[in-house]
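Visitor: Sequence first, predicted coordinates after that:
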Amino acid sequence: MSEMNRRDLLAAGGVLGGAMALGALNPGRAQGQPMVGDEHAMMKLIPGAVDDEGNWTLPPLGYGYDAVEAAIDAETMRLHHERHHAGYVRGLITAEEKLAEARASGDFALVQHWSDQLAFNGGGHALHCIFWDCMGGEEMGGRPEGALAEAIERDFGSYDGMWGHFAAAAKGVQGSGWGLMVYNFAAGKLQIFQGQNQQLNTMWSMVPLLALDVWEHAYYLRYQNRRGAYVDAFPQVINWRKVGARYAVTAGA
Ligand code: MN3
């Protein structure tokens with residue numbers, strides 16, 4: 001890894017500790033050990049999802065609710081973070097508790113229900129952590145740089161090609177969901193997906209790098225039903241350096 005990438009990673013919220021190498025893909029954590037330390041850098045692909053003890057938690061945004069007004073109003077950001085995202089964290093914890101109870105009792109009558117809840121709320125928690133991390137900071141509104149910019153040219157032809165595809169996908173999600181630019185580690189390339197709800201339309205071999213929430217709760221106060229205007233405003237608040245930091249970890253760039 002180049003010194004530039006290492007610096008960018010450390011700047012990306014200070015979340016990506018020293019051992020950034022791909023060895024982090026297989027941290028070999030012993031049962032019961034807390035999930036902390038440099039060997040767990042891959043966990044930081046979902047920034048702030050767990051606390052220092054490895055428990056699911058609602059992470060701070062890392063900027064004020066009014067910091068991304070160019071695209072999203074402060075009240076929407078506050079409600080989205082404090083209520084919607086917090087609700088997914090509670091739902092994720094509850095689902096895990098109920099599944100632990102089922103294992104202890106041997107009664108798996110509700111395993112389908114709680115597995116659905118685990119996927120929905122766990123997907124919601126992970127994607128919101130990434131969504132917040134894609135925005136804000138001094139660099140927001142810029143363009144991809146370095147290894148990520150090269151990968152975008154390689155896999156989409158150009159930045160404009162990528163953004164045109166991403167925006168169309170985000171605007172075209174049927175109902176509630178996400179626009180997602182991901183790193184597909186099965187093929188070693190970038191792709192764009194249309195997430196449905198919080199957990200559907202995945203290929204299981206992907207790490208979201210850029211995530212745009214297109215549930216109505218993400219934009220309705222300012223934009224009402226004009227999802228397209230919300231998507232078109234999003235580039236003004238994207239922090240590509242943080243997106244690039246996630247790419248560097250997943251691709252080993
Ligand atoms: Mn949301």
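Guide: Looks like it came in fine. Numbering: from 1, shown residues only.
Visitor: Going by C-alpha atoms from here, please, whenever you check contacts or count neighbours.
Guide: Fine.
Visitor: Got the phi and psi for residue 221?
Guide: Phi and psi for residue 221, reported as degrees, to the nearest 10, are phi -60, psi -40.
Visitor: Next up, the contacts around it.
Guide: residue 76 (Cα atoms under 8 Å, 6 or more residues apart in numbering).
Visitor: Any figure for the gap between residue 172 and residue 231?
Guide: 11 Å (Cα to Cα, to the nearest Å).
Visitor: and if you look at residue 187?
Guide: Distance from residue 187 to residue 231, by Cα to Cα: 28 Å.
Visitor: Which one's more surrounded, the two?
Guide: residue 231 (20 against 10; other Cα atoms under 10 Å).
Visitor: so after the helix or strand harbouring that one, what's the next helix or strand?
Guide: Element membership for residue 231, per DSSP states H and E: helix 227-233. Where DSSP H and E defines the elements, the next helix or strand beyond helix 227-233 is helix 240-251.
Visitor: Which other helices and strands does that next one contact?
Guide: helix 3-11, helix 146-156, strand 177-184, strand 206-213 (3 or more Cα pairs under 8 Å, 6 or more residues apart in numbering; DSSP states H and E).
Visitor: mean pLDDT for those: which is lowest?
Guide: Comparing mean pLDDT across the helices and strands packed on helix 240-251, the weakest is helix 3-11, with a mean of 42.
Visitor: Could you point out the helix or strand that follows it?
Guide: Taking DSSP H and E, what comes next after helix 3-11 is helix 74-79.
Visitor: Go ahead and measure how far that following helix is from the middle of the chain.
Guide: 18 Å (Cα atoms, centre = their mean, to the nearest Å).
Visitor: Now distance to residue 193 and mean neighbour count too, for the helices and strands packed on helix 240-251, in JSON lines please.
Guide: What follows is these, written out as JSON lines (distance: least, Cα to Cα, whole Å; neighbours: other Cα atoms under 10 Å):
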{"stretch": "helix 3-11", "distance to residue 193": "25", "mean neighbour count": "16"}
{"stretch": "helix 146-156", "distance to residue 193": "13", "mean neighbour count": "17"}
{"stretch": "strand 177-184", "distance to residue 193": "5", "mean neighbour count": "24"}
{"stretch": "strand 206-213", "distance to residue 193": "9", "mean neighbour count": "24"}
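Visitor: between those, which one is nearest to residue 251?
Guide: strand 177-184 (7.6 Å; Cα to Cα).
Visitor: Which strands or helices does that closest one pack on?
Guide: Against strand 177-184 (3+ Cα pairs under 8 Å, 6+ apart) you get helix 159-172, strand 189-196, strand 206-213, helix 240-251.
Visitor: Residues touching it, excluding its own?
Guide: So strand 177-184 is contacted by 166-167, 169-171, 173, 189-198, 205-215, 247, 250-251 (Cα under 8 Å, 6+ apart).
Visitor: The same query, at a cut-off of 7 Å, please.
Guide: For strand 177-184, the surrounding residues in contact (Cα atoms under 7 Å, 6 or more residues apart in numbering) are 166, 169-170, 189-198, 205-215.
Visitor: Check stretch 232-242 too.
Guide: By Cα under 7 Å, 6+ apart, the list of residues contacting stretch 232-242 reads 8, 12, 68, 70-71, 133-137, 139-144.
Visitor: just stretch 111-123 next, same as before
Guide: 88, 89, 91, 92, 95, 96, 98, 99, 198, 199.
Visitor: Which of these fall within helices?
Guide: The members of the contacts of stretch 111-123 that map onto helices under DSSP state H are 88, 89, 91, 92, 95, 96, 98, 99.
Visitor: pLDDT (mean, whole number) over the longest helix along the chain?
Guide: Counting by DSSP H, the longest helix found in the chain is helix 111-133. Averaged over helix 111-133, pLDDT sits at 98.
Visitor: pLDDT score for residue 250?
Guide: Reported pLDDT for residue 250: 93.
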